[in-house]
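> A predicted structure for the sequence below; I have some questions about it.
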Amino acid sequence: MPKKNQNAPAGLDFTQATQQAWEGRLNLLQLLEIAGQFSAEGRNALAAVLYQTWLKRNQTTHNHLAYFNLGVILFSEGDLAGAKEAYSHALGLAPQFLQPRFNLGLVYERQGQHDAATAQWLWIEAHANPTDSEQRPLLLLALNNLGRHYEEKSRYAEALSALTKSLRIEPNQPDVIHHWVFLRAKQCCWPVYQSIDGISEQMFQQSTSALAMISLSEDPQAQLEAARQYVSRKVQSQVPRLAPKHGYGHRKLRIGYCSSDFCLHPVAMLTVELFELHDRDQFEIYGFDWSREDGSALRQRVIKAMDHFEHIHALSDEAAAQLIRQHEIDILIDLQGQTLGARAGMLAYRPAPIQITYLGLPATTGLPSIDYVIADRFLIPESAVAFYSEKPLYLPDVYQVSDRQRQSAPVPSRESCGLPPDAFVFCSFNNNYKYTPEMFRTWMRILGRVPGSVLWLLADNPWAEANLRQEALACGIDEQRLIFASRTLPEQYLARYGVADLFLDCYPFNGGTTANDALWMGLPVLTRSGQTFASRMAGALLTAAGLDELITYDLASYEEKAVALANSTRECQRLRAHLQHTREQGALFDTPRLTRNLEKQFKTLHAELA
C-alpha cells in the first residue's frame, strides 16, 4: 500500500480534493479517507465523482481498490451498469480480488443474469482458500448466496450442496442451518437432521424455522421454542408503539388484512370470499399488500373485494406501519405468520390496537405484537393454550374459511392421469416437505395390505420423487405404485379429487387447503390428529363436517382405518354422500355464517378496548 502523505492538508472540501486528485497530488489512502467521509455524510455522488476523477488521472498498483469502492457506491445508488463496469475494471487489474467478484455476482443477479451471477460465486468457491482468514468470509458468502439463489430457483439439490459445503467450513451459522434443514425436508432427505461435524442436535433444533419445525416435530413446546428463537434472532421488538391502546371510536370498524399472498396462493384461495362477504354497513375493509403481481384472476378478485388496497412493497417496515396507523385501522389481521415474506418488523410497531394472526402459519407465531389467533375448540383445545403466545379467538363451528366460488374442471379419466382403471387410489397432494419417514412407511404398509392399490402424490421436485421411490423399494413396495401428478391450474387440480378414492393426510403437518379442497370435492380425508395446530387442521374440518370417524390419534388406527375403507366400497360411497350434503347444508362450507361469527368477535374485541 502507498504511504500516506503526512503533509497533505486535512479536511479538504470537494473542490480541493477533486483538484488534487486531478493533479495527482492525492494519494490512495487520502482518497479512501476523504471519499469515505463523503459517503458517511450521505454524499455518495461526490464520493463517486472523486473516485472517477482520481482513476482517470492516477495509475498505481492499487487502483483496483479504488475501482472496487467506486463499484460499491454506484451499486448502493442503483447504478447497476456503472457498478458492473467498476467491478470489472477491478478484476481486470486484480483477477484474484474476491470482493469485486462477489459483488459482481450481486449485480448480475439484480439484472436477471442468473447464470452470470452464479459463475462469479462458483469461481470464488473454486479458488478461495477456506483456511485463509481474509478469503474465508468471502467464500462463505459465495456459498451461501449460491444456496439462496439455487433455492429460489427450485434447484434444491444444488442449493443443499452449496450450504453443506458452507456448514462444513463454519458450522456455527444459524441462518444457513435454517435453510439447510428445510431444503432436506423439501427433498425428503431422511433423516432431516443429518450429522455434520460441529452441529449438535440442539443447534439443529434451535436453528430450525417455525415452518420447518411444524413438519419435524409433534411437540407443541418445540414449536413454541422455534417461534421464539426466530423472534429473538430476527425481530426488533423494542420499537415505539404507534396505535392508541383504546382505539379510535369509528362508527364502522376498519379491518385491515395484510399479506404477501394476495395472489395465486392457498391463503388467498381460502380467504377471498370472506373479504367479499364482510358487512359493509358495519365494517370497512383494507388490504395491505406486498404480493407478487401474478396477473391471476384470483388476485384481481382479492383487490376488488377490498374497500381500500394499499401496495406496500417499496415501504420499509416502519413506513408501512406508519401507513397502517394513518388509516386508523381498528383490527389488523396478519395472514403471514413466520412464512416466506413475513413482515414481523412491521407488526412490531403495533400499528393497530388489536392484532390477530390467521391461516398463514399453522402454529404459534411467538410474536409479542400479535394478540390473538383465530381458532376453533378442536384446533386449539383448552389444554393446549399454554403453547401459544397468542390468545385463541374461538369461532363456534370451524376456524377455516372457504371459498364457495372456486371452480373445478371436468373430472378427468384415470387413464389421462396415468392411473390404473380399477385400482383403489389413495392420494396425498400435500407439499412433499410435509411427508415424514414414519407416515410414508405407514402408507407403504397400507399399500402392502391393499393389493393393486396405488398412491397418487404431488410431483413437488425430482429429488423428493427419487428419494420416495427409493424408500418405497426399501419398504418392499414396487415404486411403480407411486404415481406423481405435476402441478397444474387450480381448476384441474380440484378435478383430480374426483378421481381418487381416499385422501391420506400427513402428520404432524396436516393438509390445510388441500384437505379443504378434497372435502369440497367430496373426497373423504383420513387424518391423524395430535397436540399441535398443524396436526389438528384436518381434524377441525372433519369435526365441522360431522365425520369424527375419519379422525385417528395414532398410526396403527390410521393404518387400520385406511385398509378398512379400501375394502368397503359401500362405506366410501356413504362418506361421499355425506360430504355432498355437508357441502350444500353443513357448517363446514357456510362462509356467510363464518363471516358473521368472525365479525361478532371483532365487535366484542373492539368493545373491550373502551
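Ah, there it is. Numbers count the residues shown, from 1 in each chain.
> In the stretch 501-610 of the chain, where is pLDDT below threshold?
Counting by pLDDT under 70, the stretch 501-610 of the chain shows no low-confidence range.
> again, only this time at 80
Residues of the stretch 501-610 of the chain meeting the criterion pLDDT under 80: 610.
> Dihedrals phi and psi, residue 253?
Main-chain torsions, residue 253, degrees, to the nearest 10: phi -70, psi 140.
> er, residue 457 actually
Backbone torsions for residue 457, taken as degrees, to the nearest 10, come to phi -120, psi 160.
> now residue 549: how far from residue 512?
21 Å (C-beta to C-beta, to the nearest Å). To be clear about C-beta, it is placed using only N, CA and C from the backbone, and glycine gets the same treatment.
> Who has more neighbours out of the two?
Regarding residue 549 and residue 512, a neighbour count based on other C-beta atoms under 10 Å identifies residue 512 as having more, with 21 against 12.
> Which residue comes closest to residue 531 once chain neighbours are left out?
Spatial nearest neighbour of residue 531, chain neighbours left out: residue 220 (5.1 Å); criterion: C-beta to C-beta, 6 or more residues apart in numbering.
> correct me, but that neighbour touches residue 389?
No. With contact defined as C-beta atoms under 8 Å, residue 220 does not count as touching residue 389 (11.8 Å).
> Those two: who's more crowded?
residue 220 (23 against 18).
> dump the residue contacts of the more buried one.
384, 387, 531-532 (C-beta atoms under 8 Å, 6 or more residues apart in numbering).
> Just the buried ones among those residues, please.
Among the contacts of residue 220, those scoring as buried are 384, 387, 531-532 (criterion: 16 or more other C-beta atoms under 10 Å).
> Which of those sits closest to residue 141?
When the buried ones among the contacts of residue 220 are compared for distance to residue 141 (C-beta to C-beta), residue 532 comes out closest, at 35.9 Å.
> State the distance from that closest one to residue 261.
Taking C-beta to C-beta, one finds residue 532 at 22 Å from residue 261.
> Likewise for residue 510?
19 Å.
> who has more neighbours, these two?
Between residue 510 and residue 261, counting by other C-beta under 10 Å, residue 510 is the more crowded of the two (28 against 25).
> ok, now how distant is that one from residue 525?
9 Å.
> Common neighbours of those two, please.
Common neighbours of residue 510 and residue 525 (C-beta under 8 Å, 6+ apart) are residue 538.
> How about residue 610: what's its closest non-neighbour residue?
Nearest to residue 610 is residue 246, by C-beta to C-beta, 6+ apart, at 6.4 Å.
> circling back: per-residue pLDDT, the residue nearest to residue 531?
Confidence at residue 220, expressed as pLDDT, is 95.
> and if you look at the one 4 residues further on?
At residue 224, the model reports a pLDDT of 94.
> again, but for residue 208
89.
> How much space separates it from residue 436?
On the measure of C-beta to C-beta, residue 208 and residue 436 end up 14 Å apart.
> ok, these two, which is more surrounded?
Legend: neighbour count by other C-beta under 10 Å for residue 208 and residue 436, higher for residue 208 (29 against 21).
> If you average pLDDT per helix and strand, which one of the protein comes out bottom?
helix 210-216 (a mean of 88; mean pLDDT, DSSP states H and E).
> next SSE after the strand or helix carrying residue 578?
Taking DSSP states H and E as the criterion, residue 578 maps to helix 569-585. For helix 569-585, the following helix or strand on the C-terminal side (DSSP H and E) is helix 591-609.
> which helices and strands does that following helix pack with?
strand 253-259, helix 266-277, strand 331-334, strand 354-357 (3 or more C-beta pairs under 8 Å, 6 or more residues apart in numbering; DSSP states H and E).
> need those in TSV with mean neighbour count, mean pLDDT and distance to residue 460, can you?
TSV is the format used below for those (neighbours: other C-beta atoms under 10 Å; pLDDT from 0 to 100; distance: least, C-beta to C-beta, whole Å):
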stretch	mean neighbour count	mean pLDDT	distance to residue 460
strand 253-259	25	98	23
helix 266-277	21	97	14
strand 331-334	26	98	27
strand 354-357	24	98	26
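> could I get the ones you listed as a markdown table with distance to residue 52?
Formatted as a markdown table, the helices and strands packed on helix 591-609 follow (distance: least, C-beta to C-beta, whole Å):
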| stretch | distance to residue 52 |
| --- | --- |
| strand 253-259 | 43 |
| helix 266-277 | 48 |
| strand 331-334 | 46 |
| strand 354-357 | 49 |
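> so which of those gets nearest residue 519?
helix 266-277 (12.8 Å).
> Report the angle between that closest one and strand 253-259.
Interaxial angle of helix 266-277 relative to strand 253-259 (axes from the mean of the first three to the mean of the last three C-alpha atoms, to 10 degrees): 160 degrees.
> Give the other helices and strands that helix 266-277 contacts.
strand 253-259, helix 297-305, helix 513-520, helix 591-609.
> Can I get the last one in CSV, CA atoms only?
The C-alpha trace of helix 591-609 is given here as CSV (Å, rounded to 0.1, in the frame of the first residue of the first chain):
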residue,chain,number,x,y,z
THR,A,591,-68.9,-18.9,4.6
PRO,A,592,-71.6,-16.3,5.3
ARG,A,593,-72.1,-18.0,8.7
LEU,A,594,-68.3,-18.0,9.5
THR,A,595,-68.1,-14.3,8.4
ARG,A,596,-70.9,-13.2,10.7
ASN,A,597,-69.3,-15.2,13.6
LEU,A,598,-65.9,-13.6,13.0
GLU,A,599,-67.5,-10.1,12.8
LYS,A,600,-69.2,-10.7,16.2
GLN,A,601,-65.7,-11.5,17.6
PHE,A,602,-64.3,-8.3,16.1
LYS,A,603,-67.0,-6.2,17.6
THR,A,604,-66.6,-7.8,21.0
LEU,A,605,-62.8,-7.2,20.9
HIS,A,606,-63.3,-3.6,19.9
ALA,A,607,-65.8,-3.0,22.7
GLU,A,608,-63.4,-4.3,25.2
LEU,A,609,-60.9,-1.6,24.3
